[in-house]
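1. no FASTA, just this:
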């Protein structure tokens, strides 16, 4: 028999090498094919996106008034437009801005030369390749007529919330004041989603602008801020051929429930201001002559407020620095006093209960000749032991009388007082002091608090330290 040739067939090594080479070639081919397929699909998607962008611009052009065209999403946290075509989701966003005559983007309420509205539409889609840019289309729209002509002017108002975004639905009222200004036939529409409102075709002259919305205030706590009010913008002078801009910061209030001298069970004065101090605005005391408020609604400063029982020294009405715990000087044996803290809140939110610190004392009424005793505290201006004094000391009365032999716990703003008792509200028949008047504990008053036999009571806010 013939012997088989020794080199017939393939060795195992040759087979493995051939398979590796085939795998590498196949992988390259498949990868290239996949890239081509993805690029083709991405190009188709880009064409669809471009068509969607142009459709959105066509929709915008169909709106008669360019001032009715707004951002998409319209507000922070809003939802963009989406469409699903052939299994891909397309996301449409739109940004708009006013344009001045020199071509710069501006916002309403900030420029005197509003001429056009710029619109930018962007479209993104699922599966977009990282190397492919989103589709973007831009246009500029002009109103059907001139915003301002040679004989009339206009007003643009921007109302921004605490976060800087526009506040929609705010009513705007424009009233003529002087200089030839005339009444408007129709008041401007409420602010749009961008926080903008416009008044066109105004006769040149001076106009007053007011804004309003339920449960909203500006940074000065005005519910209906109006130009020419104290610390508000001046009235607007409208000139022919120009836009007069105006801005307000205005937002929904935050609510703060209040508790005074918490845990003491003390009776509060019949009338007492409560002052709120922010890092951005003037001291504020809610108006009214009734009992201290149990809850207040304030502009939602992100940094919150310091809270004082009484009127802080920078307040415009009755002045008493001693009522502000933080105004007392640090001295030997005592640390700085602290105000109540109302934390920052979101617009429309309600805070947890805010504790307002006060001085606390008790009165045990002996048998006065006038029977039931009404306590009156007459403020004194003292600068002893680091007390800041009072420019205009306050007097506090308590309509809750003390029967002979009974004890009542009372609370006052910090400071120094001359205490009296009488048979009627506000009477100063006799001075009352220690031992009738006592300081219950250091929970509410510092170690330098005192009461004299002659009825001089000092309520010191500084804790030991």
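-> Arrived safely, thanks for sending. Please read these numbers as outputs of a predicted model, since none were measured by experiment.
2. surely residue 227 touches residue 208?
-> Yes: when contacts are counted by C-beta atoms under 8 Å, residue 227 is listed as touching residue 208 (5.3 Å). Every C-beta, even on glycine, is put in place using the N, C-alpha and C of the backbone.
3. so what touches stretch 416-429?
-> With C-beta atoms under 8 Å, 6 or more residues apart in numbering as the test, stretch 416-429 has contacts from 270, 322, 363, 365, 368, 370-382, 387, 396-397, 399, 430-433, 437, 451, 455-459.
4. now which of the residues you listed would you call buried?
-> Restricting these to buried positions leaves 270, 322, 363, 365, 368, 373-382, 387, 396-397, 431-432, 437, 451, 455-459, with burial counted as 16 or more other C-beta atoms under 10 Å.
5. which strands and helices sit next to the one helix or strand residue 46 maps to?
-> In this structure, residue 46 is located in helix 12-61 according to DSSP states H and E. Packed against helix 12-61 by the contact rule (3 or more C-beta pairs under 8 Å, 6 or more residues apart in numbering; DSSP states H and E) you find strand 81-85, strand 88-100, strand 114-125, strand 135-141.
6. just name the most buried of the ones you listed.
-> Ranked by mean neighbour count under mean count of other C-beta atoms under 10 Å, the helices and strands packed on helix 12-61 are led by strand 114-125, which reaches a mean of 21.
7. okay, the angle between that strand and helix 12-61?
-> In terms of direction (axes from the mean of the first three to the mean of the last three C-alpha atoms, to 10 degrees), strand 114-125 departs from helix 12-61 by 150 degrees.
8. which other helices and strands does strand 114-125 contact?
-> With contacts defined as 3+ C-beta pairs under 8 Å, 6+ apart, strand 114-125 has these neighbours: helix 12-61, strand 88-100, strand 135-141.
9. quick check, residue 376 in contact with residue 394.
-> No: the pair residue 376 and residue 394 does not pass the contact test of C-beta under 8 Å, sitting 11.5 Å apart.
10. quick one: low-confidence parts of the stretch 251-400 of the chain?
-> Within the stretch 251-400 of the chain, the ranges that satisfy pLDDT under 70 run 281, 288-289, 312-319.
11. report the contact partners of residue 295.
-> When contacts are counted by C-beta under 8 Å, 6+ apart, residue 295 touches 255, 256, 257, 258.
12. among those residues, who's most crowded?
-> Comparing those by number of neighbours (other C-beta atoms under 10 Å), residue 256 comes first, having 26 neighbours.
13. check which helix or strand that one maps to.
-> Here residue 256, judged by DSSP H and E, is contained in strand 254-260.
14. show me what the next helix or strand after that strand packs onto, helices and strands only.
-> The helix or strand immediately downstream of strand 254-260 is strand 274-277, counting by DSSP H and E. Here strand 274-277 touches strand 295-298, strand 305-309, going by 3+ C-beta pairs under 8 Å, 6+ apart.
15. for residue 118, give me its contacts.
-> Each residue near residue 118 by C-beta under 8 Å, 6+ apart is listed here: 96, 97, 98, 99, 105, 138, 139, 140.
16. beta-bridge partners for the residue nearest to residue 127 when sequence neighbours are not counted, please?
-> Distance criterion C-beta to C-beta, 6 or more residues apart in numbering; nearest residue to residue 127, sequence neighbours excluded, is residue 88 at 6.3 Å. As for beta bridges, residue 88 partners with residue 85 under DSSP bridges.
17. mind checking how far residue 88 is from residue 46?
-> Distance check for residue 88 against residue 46: by C-beta to C-beta, to the nearest Å, it reads 11 Å.
18. still on that earlier bit, so how far is the strand holding residue 256 from its chain's centroid?
-> Centroid separation between strand 254-260 and its chain, computed with C-alpha atoms, centre = their mean, to the nearest Å, is 17 Å.
19. and the angle from that strand to strand 305-309?
-> Using the same axes, to 10 degrees, the interaxial angle of strand 254-260 with respect to strand 305-309 works out to 30 degrees.
20. contact partners of strand 254-260?
-> For strand 254-260, with C-beta under 8 Å, 6+ apart as the criterion, the contacting residues are 266, 268, 274, 292-300, 305, 307, 309, 342, 345-356, 358, 411.
21. looks like residue 407 contacts residue 362 (just checking).
-> Yes: between residue 407 and residue 362 there is a contact under C-beta under 8 Å: 5.7 Å.
22. quick one, which of those two is more surrounded?
-> Neighbours per residue, other C-beta under 10 Å: of residue 407 and residue 362, the larger number sits with residue 362, 16 against 12.
23. need the three-state assignment for the more buried one.
-> At residue 362 the chain is in strand, as set by DSSP: H, G, I helix; E, B strand; the rest coil.
24. and it, what is it in contact with?
-> Listed by C-beta under 8 Å, 6+ apart, the contact partners of residue 362 are 407, 408, 409, 410, 437, 438, 439, 440.
25. out of the residues you listed, who has the most neighbours?
-> Most surrounded of those: other C-beta under 10 Å gives residue 410, at 25 neighbours.
26. what residues are bridge-paired with that residue?
-> Following DSSP bridges, residue 410 is listed with bridge partners residue 267, residue 361.
27. report pLDDT for it.
-> If you check residue 410, the pLDDT there is 96.
28. list the contacts for it?
-> Applying C-beta under 8 Å, 6+ apart, we find residue 410 in contact with 266, 267, 360, 361, 362, 363, 375, 398.
29. if we use 10 Å, what do you get?
-> Listed by C-beta atoms under 10 Å, 6 or more residues apart in numbering, the contact partners of residue 410 are 261, 264, 266-269, 358-363, 375, 377, 396, 398, 400, 402, 419, 437, 457.
30. ditto for residue 339
-> For residue 339, the residues meeting the contact criterion (C-beta under 10 Å, 6+ apart) are 275-277, 305-309, 312, 324-327, 356-357, 461.
31. now do the phi/psi pair for residue 185.
-> Dihedral angles phi and psi of residue 185 (degrees, to the nearest 10) take the values phi -70, psi -40.
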